[in-house]
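In: Give me a model of this one.
(6 chains)
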Number of protein chains: 4
Amino acid sequence: MNTNQPNSIPKRKPGRPKVEKSPTKMSILRTGAFLFMEVGYEKVSLESVAKACGITKASVYYYFNNKSELFTECLVAVMTIAHNATATILSEPIPLKDKLIKIAIRQMSNAHLDFESMMRDAAVELSDEQTENIRKAEKKLHDVVHDAFQNAINSGEINNHHSPIVLAHTFVALLTMKNHLNLKQQQIPVEQLVAQLIEILWTGIQNEG
Amino acid sequence: MNTNQPNSIPKRKPGRPKVEKSPTKMSILRTGAFLFMEVGYEKVSLESVAKACGITKASVYYYFNNKSELFTECLVAVMTIAHNATATILSEPIPLKDKLIKIAIRQMSNAHLDFESMMRDAAVELSDEQTENIRKAEKKLHDVVHDAFQNAINSGEINNHHSPIVLAHTFVALLTMKNHLNLKQQQIPVEQLVAQLIEILWTGIQNEG
Amino acid sequence: MNTNQPNSIPKRKPGRPKVEKSPTKMSILRTGAFLFMEVGYEKVSLESVAKACGITKASVYYYFNNKSELFTECLVAVMTIAHNATATILSEPIPLKDKLIKIAIRQMSNAHLDFESMMRDAAVELSDEQTENIRKAEKKLHDVVHDAFQNAINSGEINNHHSPIVLAHTFVALLTMKNHLNLKQQQIPVEQLVAQLIEILWTGIQNEG
Amino acid sequence: MNTNQPNSIPKRKPGRPKVEKSPTKMSILRTGAFLFMEVGYEKVSLESVAKACGITKASVYYYFNNKSELFTECLVAVMTIAHNATATILSEPIPLKDKLIKIAIRQMSNAHLDFESMMRDAAVELSDEQTENIRKAEKKLHDVVHDAFQNAINSGEINNHHSPIVLAHTFVALLTMKNHLNLKQQQIPVEQLVAQLIEILWTGIQNEG
DNA sequence: AATGAATGAGTGTTCATTCAT
DNA sequence: AATGAATGAACACTCATTCAT
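Out: All right, here's what the predicted structure looks like:
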């Protein structure tokens, strides 16, 4: 580009250039996501997020207009990551049952709250648009599981006694069990727990061929 | 009151004595239980409990030392009631599968939060003793289900591929699905949902005899 | 009242009886009124009101649900007092001109902001009902002045060249002049200032009889 | 820049030089003046000024050291403009009464806050020097009115019953009435309102010759 | 010349808790 | 038995101001 051509001087934006994806913003997102998943919407104060990032509350507001907006962006990020990881596993050339086990282990290893509980907690403060955005990200996650069950039904890998919708929800419901069990004394290793859960589910849906 | 005066000996009423707890205290317990189950620990203010009872905040403190104590007593009450109802159903002379369905329908018909989510919400504010008290009440509920599964295994009604502990937890985990599904568009009637869920579980554990 | 009659025991309300017009509440009202009139809505923080009363911010909230409610009650109180004082003066058996002077002196001696400026300041935060309440109290003040001018026109005490509406507003507008003059160096004694102002107004409206 | 190099002597443009102030600074001044007059000192955030100018908050600080300085310069500018306009009208060869009407109409047509209310709003944050600067600009406006009244008294156009100081202030006070009336239901056309107000004032001060 | 980043001080509001009555 | 009064600690959010780039 020739800056000497009088008619087409490409005006370089004045002032300090913006950093691509500000590390501070990323730090807030990561910390927020972790905290929200850990203790829920209400119990996370912006002060705590800031402190965990080593910055000030006001700085959080520099990047996010308010708490519900931060929450939304954090949740969408988490959902997107979970979706990608799940989709990757589902596309592997292994039996569905093994995929389900891998997904369950991964999910349960991430300490986090039950998704619906958290949404209920945040519900009153989220705008319709924000709720929709999170739901959209969540639906993508569900859809990828739903499709996997649908395909398995079509290919005869599992029987067609149950709608893939219910199967997907059942699978997700089982994933929350880790929280139920973890908080009590009986510490069962994740792998073992997953194995048993999937076994139960699988016996109920497998094709007897 | 002078108990020595012959005329004023407080005659102990014959028959089963009424519950000794003052009606006000009972009212607080009932209201608190409902509200806590409805919206969780943090979102229930003592002011709201008082107002719902038609009394003042200070009156709540007259009967309960603090919020966590009220919470504890409410939860223990709820658990005890649920335990009794469950035990009654389990003692009926019908197949285990039908019992599970009856229990599931009853549980899901009571709109309420996921138990574990609520405990996590309240966790930081509960003393160890309070947590233990609630857990004890909850354990009684689980035990009664656990015993039912154990008996079914012993009697051969279901297979012995899975530990009764996991079965009990799986069963309880499935019970929380109502919340997951209800919050979304697809409104499925409780009975139908229960039927499908128990069907899946049952196929996984029934004895093939 | 006979408390022995079993059917009509006048239940004495339980608990600590409420003080008639709580001195604390009165103190808040007085202090708030003074501060609001002195520096306007936004610049008065509830913290400052509380401190001026020797209590805590939370205590202010014990008596008033929020800032706008406190503001409303303060303003209505001020307006009511001003109305009563004005009405009293207007009912005295002296010439209208003298009444106007007395009113003006009283008004100007109370240091306060221009009423409309303050309302504009508070406007965005007041509910429609609150605004209406204040306006109602203000209207009573204006009406009593308006009626006085109307009567004077009817009785021929002043000419009928101007509508009583405009006369009332002109009179009130002149009352705000103290603020304009006071803030500058030229300190003119209130009485002298009032005399000149009313003189100008009066010459414009008196009947030449 | 080396001014010794013969080829780069910055040639001073012939004729009247353009206003030296950068267009950005002028934009800030204009926008600030408008906003301050519209909603007062406190309610104008530097963010809003910047956004209205299409620049950043930090840029405002590049041209003005702080908010009170911006306010001061804005107000002085407004006052100067008002002074010039008023002086122009007063120098026209028409009767004083007509001049007053023209001035009043012009003033009332510019939607803005009462000047004194705004000064009181900003008072605590202005340095003595800043306050003085604004007052000086305002005084020039008052003086030109004051002189007009003085001249009218000297020439016998109006009577000498009132000091020109009070007359000037009375005139200015009447100018604020628009705000008082506009905010209520009775919408009176500016011209009609002005006519009535000046009529009252005029009857009170005219010479009966 | 102009900006992105960051902050400290303050504001309205809520709520569990205490205490004298 | 029940209540009115009062409080301290926390929280979401705003804004003028600073500074390196």
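In: ok, longest helix in chain A?
Out: When chain A is scanned for its longest helix (criterion: DSSP state H), the result is helix A:128-154.
In: other SSEs contacting that helix?
Out: The contact analysis (3 or more CB pairs under 8 Å, 6 or more residues apart in numbering or on different chains; DSSP states H and E) places helix A:128-154 against helix A:67-90, helix A:96-109, helix A:115-122, helix A:164-175. To be clear about C-beta, it is placed using only N, CA and C from the backbone, and glycine gets the same treatment.
In: what about 7 Å?
Out: Under the contact definition 3 or more CB pairs under 7 Å, 6 or more residues apart in numbering or on different chains; DSSP states H and E, helix A:128-154 sits against helix A:67-90, helix A:164-175.
In: got a markdown table for the ones you listed, with mean neighbour count and mean pLDDT too?
Out: Conversion of those to a markdown table gives the following (neighbours: other CB atoms under 10 Å in any protein chain shown; pLDDT from 0 to 100):
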| stretch | mean neighbour count | mean pLDDT |
| --- | --- | --- |
| helix A:67-90 | 19 | 92 |
| helix A:164-175 | 21 | 76 |
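In: Turn those into CSV, including distance to B:Val76.
Out: Below are the helices and strands packed on helix A:128-154 laid out as CSV (distance: least, CB to CB, whole Å):
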stretch, distance to B:Val76
helix A:67-90, 33
helix A:164-175, 26
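In: Return the residues in contact with the residue lying closest to A:Ser22 once chain neighbours are set aside.
Out: The shortest distance from A:Ser22 to any residue other than its chain neighbours is 7.3 Å, reached at A:Tyr63 (CB to CB, 6 or more residues apart in numbering or on different chains). By CB atoms under 7 Å, 6 or more residues apart in numbering or on different chains, the contact list for A:Tyr63 reads A:Thr24, A:Lys25, A:Ile28.
In: Considering only the residues you listed, which also neighbour DNA strand E?
Out: If you filter those for contact with DNA strand E, counting by CB under 7 Å from any atom of the strand, you are left with A:Thr24.
In: most neighbours, which of the contacts of A:Tyr63?
Out: With neighbours defined as other CB atoms under 10 Å in any protein chain shown, the most crowded of these is A:Ile28; it has 25 neighbours.
In: ok, that one to chain D distance?
Out: 21 Å (CB to the nearest CB, to the nearest Å).
In: element containing that residue, please.
Out: Under DSSP states H and E, the secondary-structure element containing A:Ile28 is helix A:23-39.
In: buried sites along the helix or strand following that helix?
Out: Reading on from helix A:23-39 to the C-terminus, the next helix or strand found by DSSP H and E is helix A:46-53. Of all the residues in helix A:46-53, those buried under the rule 16 or more other CB atoms under 10 Å in any protein chain shown are A:Leu46, A:Val49, A:Ala50, A:Ala52, A:Cys53.
In: quick one: contacts of helix A:46-53?
Out: Counting by CB under 7 Å, 6+ apart, A:Ser27, A:Ile28, A:Thr31, A:Gly32, A:Leu35, A:Thr56, A:Lys57, A:Ser59, A:Val60, A:Lys67 sit against helix A:46-53.
In: Now with 8 Å, please.
Out: Judged by CB atoms under 8 Å, 6 or more residues apart in numbering or on different chains, the contacts made with helix A:46-53 from elsewhere in the structure are A:24, A:27-28, A:31-32, A:35, A:56-57, A:59-61, A:67, A:70.
In: can you tell me how far the residue lying closest to A:Phe115 once chain neighbours are set aside sits from DNA strand F?
Out: Setting aside the residues directly before and after it, A:Phe115 is nearest to A:Glu138 in space (CB to CB, 6+ apart), at 7.0 Å. If you measure A:Glu138 against DNA strand F using CB to the nearest atom of the strand, to the nearest Å, the figure is 23 Å.
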